[in-house]
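*Asks:* Pasting the sequence and the predicted coordinates here, then a few questions.
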Amino acid sequence: MPSSIEAHDLIILYSTTDAAQAESSYFSAAAGVLTVADKTISLQCGDKIYSLAGARSNDWLAAFAAFLDCNFMPHDALVLAHAWRTDNLAANDAWPVDYDSFPRVVGLDHLRSNTPFAPCPWQLGLYPVVPNADWVERLLDLGVTTLQLRAKNLEHAMLQAEIKRAVQAARQHNAQLFINDHWQLAIEANAYGVHLGQEDLCTANLQTIANAGLRLGLSTHGYYEMLVAYHFQPSYIAIGAVFPTTTKVMPTTPQGLSRLARYVQLLKEKVPLVAIGGIDHAVLADVLATGVGSAAVVRAVTEASDLREAVVALQQGFAPNAGLGK
Ligand SMILES: Cc1ncc(COP(=O)(O)OP(=O)(O)O)c(N)n1
Ligand SMILES: Cc1nc(C(=O)O)sc1CCOP(=O)(O)O
Ligand SMILES: [Mg+2]
């Protein structure tokens with residue numbers, strides 16, 4: 001056992017017996033405590049515990065150090081280390097992208113819905129995320145077919161009315177409207193779908209959402225969250241923030257395009273994917289070049305000086321050849 005612990009230390013305990021004997025001060029003083037057992041590895045960082053199960057290579061610990069060195073958060077570096085196979089070194093690109101080599105997140109089964117979520121299209125295209133029903137109506141009039149109502153800080157009756165109005169408008173335009181956060185109101189209004197964050201997964205009733213026939217979109221911000229999200233078999237998975245954003249305070253640093261491309265390689269055959277965060281017309285082609293089927297945008301529409309022009313340009317970004325030869 002170490003004699004002194006620094007805030008950046010990661011402590012590794014082999015076997016749960018070591019863990020039981022470890023002083024509780026380890027868990028508060030160190031950046032993280034990794035408990036390695038035969039079939040599982042748990043990482044405790046502050047009050048969060050990340051538990052993974054599955055096969056791993058003998059050199060997983062060296063891989064863990066290497067992925068930490070690439071600036072992944074410890075729980076994401078641990079997922080990659082778990083997925084690392086020594087044989088990868090023989091490949092052109094050694095990066096783990098084979099889903100079958102990735103570990104399973106332990107302890108999620110009781111939250112999962114037994115009924116599958118209704119599917120949504122693989123390519124959702126342009127996906128504006130907007131704060132109220134007025135914005136929803138404005139964008140529907142411009143021909144947007146996938147959008148999200150992300151209304152924050154409204155009291156219950158107002159929120160209920162906004163959701164109802166937005167859902168009715170979307171239905172009249174045959175468009176796909178997701179409601180952020182408020183899954184009960186979304187069910188009540190019979191919305192096309194619901195978008196939830198990772199922290200909502202413990203409180204939302206996924207079975208009720210699936211039984212009601214609503215689609216489910218889930219946010220992710222790295223490998224661990226992607227494994228969690230995919231476990232629930234949602235209708236799509238959103239990956240963010242690709243670039244810096246001022247729309248909300250993000251707890252994680254931006255992913256960037258190379259990480260996005262690798263996330264897409266991992267999941268693109270499995271579930272529709274949406275990129276979000278700092279996306280505008282200037283970067284849209286680079287984002288789509290990763291193979292992601294959809295880009296969600298806030299400021300690129302809500303802060304556009306000419307909304308119609310901005311929407312047309314973004315739509316064109318998804319179908320650059322549409323209309324040629326007409
Ligand atoms: C398409 C899409 N992706 C991610 C988010 C973020 O959702 P969430 O994590 O629930 O955070 P808030 O939007 O509630 O701040 C999203 N809304 N849409
Ligand atoms: C609402 C939201 N969720 C994100 C995530 O990464 O989960 S990023 C984001 C804001 C995106 O806004 P803009 O397009 O203005 O950068
Ligand atoms: Mg939310």
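*Replies:* Thanks, I have it. Owing to the predicted nature of the structure, the values given are computational and were not obtained by experimental measurement. Numbers count the residues shown, from 1 in each chain. Ligands and ions are numbered 1, 2, ... in the order given.

*Asks:* Can you report phi and psi for the residue in the chain that ligand 1 sits nearest to?
*Replies:* Here the chain gets closest to ligand 1 at one residue, Gly197, 2.7 Å apart by Cβ to the nearest ligand atom. In this view, the C-beta of every residue, glycine as well, is placed from N, C-alpha and C. Backbone geometry at Gly197, expressed as degrees, to the nearest 10, gives phi -90, psi 170.

*Asks:* what do you get for Thr220?
*Replies:* Dihedral angles (degrees, to the nearest 10) for Thr220: phi -140, psi 150.

*Asks:* how close does it get to Gln233?
*Replies:* The gap separating Thr220 from Gln233 is 14 Å, by Cβ to Cβ, to the nearest Å.

*Asks:* how many neighbours does whichever residue of the stretch 151-300 of the chain sits closest to ligand 2 have?
*Replies:* Nearest residue of the stretch 151-300 of the chain to ligand 2: Gly240, at 2.2 Å (Cβ to the nearest ligand atom). Per other Cβ atoms under 10 Å, the neighbour tally for Gly240 reads 22.

*Asks:* That one and Gly277 touch, don't they?
*Replies:* Yes - the criterion here is Cβ atoms under 8 Å, and Gly240 meets it with Gly277 at 3.9 Å.

*Asks:* Now the common contact residues for those two.
*Replies:* Shared contacts of Gly240 and Gly277 (Cβ atoms under 8 Å, 6 or more residues apart in numbering): Met250, Gln255.

*Asks:* thinking again about what came up before, looking at Thr220 and Gln233, which has the bigger crowd around it?
*Replies:* The neighbour comparison of Thr220 against Gln233 (other Cβ under 10 Å) goes to Thr220, with 24 against 17.

*Asks:* quick one: contacts for Gln233?
*Replies:* Arg112, Ser113, Pro116, Phe117, Val271.

*Asks:* Could you rerun that using 7 Å?
*Replies:* Listed by Cβ atoms under 7 Å, 6 or more residues apart in numbering, the contact partners of Gln233 are Pro116, Phe117.

*Asks:* what secondary structure does it sit in?
*Replies:* coil (DSSP: H, G, I helix; E, B strand; the rest coil).

*Asks:* Would you mind giving me the confidence score for it?
*Replies:* pLDDT for Gln233: 96.

*Asks:* circling back: from Arg150, how far out is the residue of the chain closest to ligand 1?
*Replies:* 11 Å.
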